[in-house]
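Participant: Sharing a model prediction with you, sequence too.
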Amino acid sequence: MKNFIITLVFAFVTTTFYAQGAFDKFDGQDDVTSVIVNKKMFDLMSKVKVDASDKEMQQYISLIKKLDYLKVFTTKNAKVEADMKASADKYVKTAGLEELMRVNDSGRNVKILVKSGASDSQVKELLMFIDGAKNQESVLLSLTGNFDINEISVLTDKMQLPGGADLKKASKSKK
């Protein structure tokens, strides 16, 4: 029984570290633009004084208190895009994510996957991959925390994230 518990703990720890590092190889690569925001930065951002009458900003502050990590990688390089897609596909197979939405529009493919939380609208992890088409950027976005999918549109508006319009559609479809 003791060996079983040790094995179980080891499996959870390695999965957690894999989740944190699955896409880190794209950070600092040529032809890749990356944005990485960690828990400490979200904590600092949540301490901003907000006007009580600004409901949207209050929603934004409420959401960022629930976030742990945001990683966004974009590229127009076909080789890097193929590597991003392969890394995302490999991660999806091992991370227990379920597809929330898939869109194919004029050769541009968008996949949004989530790891659910306590309720249907609660999300522990969100992964989005956008296959660029005809000189458009490919986007790989990973967001972790414990948040409501319906709050995502506030984040995309305030942070002007690549693929934000697609995330807005996903949050509306989950309502």
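Facilitator: On my side now, so go ahead. Numbering: from 1, shown residues only.

Participant: now the strands for this structure?
Facilitator: Here the chain has its strands, by DSSP state E, at 32-38, 67-75, 98-105, 108-116, 122-131, 138-148.

Participant: Distance to Glu81 added to those strands, as TSV?
Facilitator: (C-beta placed from N, C-alpha, C; glycine too.) Putting these into TSV (distance: least, CB to CB, whole Å) gives the following:
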stretch	distance to Glu81
strand 32-38	10
strand 67-75	6
strand 98-105	16
strand 108-116	11
strand 122-131	7
strand 138-148	4
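
Participant: Turn those strands into TSV, columns for mean pLDDT, mean neighbour count and distance to Gln58.
Facilitator: Below are these laid out as TSV (pLDDT from 0 to 100; neighbours: other CB atoms under 10 Å; distance: least, CB to CB, whole Å):
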stretch	mean pLDDT	mean neighbour count	distance to Gln58
strand 32-38	90	15	20
strand 67-75	91	21	16
strand 98-105	85	13	26
strand 108-116	88	19	24
strand 122-131	90	22	20
strand 138-148	90	22	15
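
Participant: Distance of Leu140 relative to Ser62?
Facilitator: Using CB to CB, to the nearest Å, Leu140 is found at 26 Å from Ser62.
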